[in-house]
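1. Structure here, sequence nowhere to be found:
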């Protein structure tokens, strides 16, 4: 039974492959149910279809409706910037789920997704050298597959630490093999760096929208270098992306997530096209509050990022970081929204004015600081939300939306360059790269010596809810301390239970709310637990992560 389950888990024949487009300006896909293994791995057209299938697998993560569509943002729920108010995602945000091997199903979703990509990448990489086709195009296909393999292996390593990696595709001959040992860390880094080196050498800078190119390969290699504390390599790779000229920061924050986001700031964007490819997701529904329900005078609009339910919203720590610069454009509706206005004349209460801010009005029904019932209402209706996942042409009353997903962008590359130069003692360049991100958001340039806290603070403001924060906190050794100090809502470092202790219930001394992660966090949780059903598929000596 163990062998059969293992065989099923790794997969043994082809997944559904999707065919590459012809002459359009983005990565287009078509279902191809009649593809055979012989076609995919022995013809140029099959290899093209196979590599496009990798994008489809990656995007499927965002299309899944499980757990109220929240699986892709569980990584955000587990960082230090969020209020996990309720819903399925809160079990992970509060670290109630994910604490034990037996209650960590979403961890298995991440595990299976990236191993699936690795297995398909392995098959393409192994088959491609034997296909009779133009050598340059063959190498580009292999380079894309190697990027996907590197990204997937590295993601699994960052999350789970104890992982097993093979470069062989699953076959009937090896599917029943029993694995008893994890892959050494040095071997993991060696494979990832070799794959990325090949990708950099064979991918173009300018690529069709949606496809990975040399820019995102160098970006990922810079991140790998930061994890290894190879500051010079991180500087080299990040600065190469910035200096080459293909990419540039958007002039203002309101343009970063506008439209399809296939701009010069975007290093890699997953493509969702209505009625063509890609299904609607509920990410926006999870991240935006339900500001119009039970609020007379308010209705859902595109300008206010449509309908949500505030299952995962911004805590007072990230709100305070954004409030340090009163003119920071990111909190003024470009990345995040904190002010919702009366906009429905048909239901406007007497004495209210259209366009006035709801929660700052004395008669507003949802107050952040008040009795506990109204405070919970505040987090449902009026707390600051993230609008990065709401499309410009979305239907504001719907809970599902179709929008491209930003996988990597240049603002993070600038922060990588800032950190690398800071670590190397080059404060002038560290300030230069850090301030490029700050001043674009209309915040004052820093002039002092750059610290890792400066970079972490800017990373929080710029990249919250993009799936990046947890990894950076782990890499810099800050994850445990920042979760214990900031997670959920309340006064910094307050570990008291909700509604207990002595609090003035003011901005300076708020009641605690949904801060369970502060008490549940343990030092070993910097590595995710491997779910028990996955551990059962390995041999009896395969190591679970320490502490679980």
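-> Nice, thanks for sending it over. Since the model is a prediction, treat every value here as computed from it, not as a measurement.
2. Hmm, residue 246 is touching residue 218, no?
-> No: if you go by CB atoms under 8 Å, residue 246 and residue 218 don't touch, sitting 10.7 Å apart. Every C-beta, even on glycine, is put in place using the N, C-alpha and C of the backbone.
3. Those two: who's more crowded?
-> residue 218 (25 against 15; other CB atoms under 10 Å).
4. does the more buried one really touch residue 239, like I thought?
-> No: the criterion here is CB under 8 Å, and residue 218 misses it with residue 239 at 9.4 Å.
5. Can you tell me what sits against stretch 177-188?
-> 2-3, 6, 153-154, 157, 162-165, 538-543 (CB atoms under 8 Å, 6 or more residues apart in numbering).
6. In that stretch, which residues are buried?
-> Neighbour counts over stretch 177-188 (16 or more other CB atoms under 10 Å) mark 182-183, 188 as buried.
7. ok, how many other residues are close to residue 351?
-> Residue 351 has 7 nearby residues by other CB under 10 Å.
8. What backbone torsions are found at it?
-> phi 90, psi -10 (degrees, to the nearest 10).
9. Could I get the pLDDT score of it?
-> Note on residue 351: pLDDT of 88.
10. How about residue 82?
-> 98.
11. Backbone dihedrals for the spatially closest residue to it that is not a sequence neighbour, please?
-> Of all residues not flanking residue 82 in the chain, residue 312 sits nearest, at 5.3 Å (CB to CB, 6 or more residues apart in numbering). The phi/psi pair for residue 312 (degrees, to the nearest 10) reads phi -140, psi 110.
12. okay, now residue 312: neighbour count?
-> The number of residues packed near residue 312 is 31, by other CB under 10 Å.
13. Show me what it is bridged to.
-> On the basis of DSSP bridges, residue 312 is bridged to residue 84.
14. so who does the spatially most central residue of the chain touch?
-> The centre of the chain sits closest to residue 467, judged by CA atoms, centre = their mean, with a distance of 2.3 Å. By CB under 8 Å, 6+ apart, residue 467 lies in contact with 72-73, 75-76.
15. Kindly report the same for residue 293.
-> Residues near residue 293 by CB under 8 Å, 6+ apart: residue 381.
16. That one is in what secondary structure piece?
-> Assessed by DSSP states H and E, residue 293 sits outside every helix and strand.
17. What's the separation between it and residue 257?
-> 25 Å (CB to CB, to the nearest Å).
18. how far does stretch 438-452 sit from the chain's center?
-> Relative to its chain's centre, stretch 438-452 lies at 24 Å (CA atoms, centre = their mean, to the nearest Å).
19. first vs last residue of it, how far apart are they?
-> 15 Å (CA to CA, to the nearest Å).
20. buried set for that stretch?
-> Residues 438, 440-441, 443, 446, 450 are the ones in stretch 438-452 that count as buried (16+ other CB under 10 Å).
21. do the same with stretch 411-418
-> Buried residues in stretch 411-418 (16+ other CB under 10 Å): 411-418.
22. of those residues, closest to residue 531?
-> Lowest distance from residue 531 to the buried residues of stretch 411-418 (CB to CB) belongs to residue 412, with 29.3 Å.
23. That closest one and residue 219 touch, don't they?
-> Yes: the pair residue 412 / residue 219 is scored as a contact, 7.3 Å apart, by CB under 8 Å.
24. ok, residue 109 - contacts?
-> Here residue 109 is in contact with 61, 64, 66, 71 (CB under 8 Å, 6+ apart).
25. out of the residues you listed, what pair is the most spread apart?
-> Using CB to CB, these reach their maximum pairwise distance at 61 and 66, which is 10.4 Å.
26. Looking only at neighbour counts, state which of those two leads.
-> Per other CB under 10 Å, whichever of residue 61 and residue 66 has more neighbours is residue 61, with 18 against 11.
27. count of neighbours near the closest residue to residue 443 other than its chain neighbours?
-> In space, residue 443 comes closest to residue 325 once its chain neighbours are excluded; the distance is 3.8 Å by CB to CB, 6+ apart. Other residues lying near residue 325 total 16 when counted by other CB under 10 Å.
28. helix, strand or coil for residue 325?
-> coil (DSSP: H, G, I helix; E, B strand; the rest coil).
29. Show the pLDDT at it.
-> So residue 325 comes in at 97 (pLDDT).
30. who's in contact with residue 545?
-> 160-162, 524, 527-530.
31. measure residue 134 to residue 52 for me?
-> Going from residue 134 to residue 52 by CB to CB gives 17 Å.
32. Looking only at neighbour counts, state which of the two leads.
-> Comparing residue 134 with residue 52 by other CB under 10 Å, the one with more neighbours is residue 52, at 23 against 9.
33. Name the helix or strand for the more buried one, please.
-> Using DSSP H and E, residue 52 falls within helix 44-63.
34. Quick check: mean pLDDT of that helix?
-> In this model, helix 44-63 has a mean pLDDT of 95.
35. Also stretch 199-210?
-> 97.
36. Give me the distance between it and the centre of its chain.
-> Chain-centre distance of stretch 199-210: 22 Å, with CA atoms, centre = their mean.
37. One more: stretch 443-461?
-> 21 Å.
38. likewise stretch 141-158?
-> 16 Å.
39. If you count neighbours, what's buried in it?
-> 141-158.
40. ok, and the closest non-adjacent residue to residue 254?
-> Nearest residue to residue 254, sequence neighbours excluded (CB to CB, 6+ apart): residue 334, at 4.3 Å.
41. What degree of burial does the one you found show, as a neighbour count?
-> Residues within reach of residue 334, counting by other CB under 10 Å, total 19.
42. still on that earlier bit, kindly indicate which of the contacts of stretch 177-188 lies nearest residue 396.
-> Nearest to residue 396 among those: residue 154, at 37.4 Å, using CB to CB.
43. State the distance from the closest one to residue 178.
-> Distance, residue 154 to residue 178, by CB to CB: 25 Å.
44. Show me the shaky parts of this protein.
-> 1-26, 28-38, 275, 362-363, 373, 500-501 (pLDDT under 70).
45. which stretches of it form strands?
-> For the chain, strands defined by DSSP state E occupy the ranges 18-20, 29-31, 82-84, 266-270, 312-314, 336-337, 385-386, 405-409.
46. could those be laid out in JSON lines, adding distance to residue 40?
-> Below are these laid out as JSON lines (distance: least, CB to CB, whole Å):
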{"stretch": "strand 18-20", "distance to residue 40": "10"}
{"stretch": "strand 29-31", "distance to residue 40": "14"}
{"stretch": "strand 82-84", "distance to residue 40": "41"}
{"stretch": "strand 266-270", "distance to residue 40": "22"}
{"stretch": "strand 312-314", "distance to residue 40": "39"}
{"stretch": "strand 336-337", "distance to residue 40": "43"}
{"stretch": "strand 385-386", "distance to residue 40": "39"}
{"stretch": "strand 405-409", "distance to residue 40": "25"}
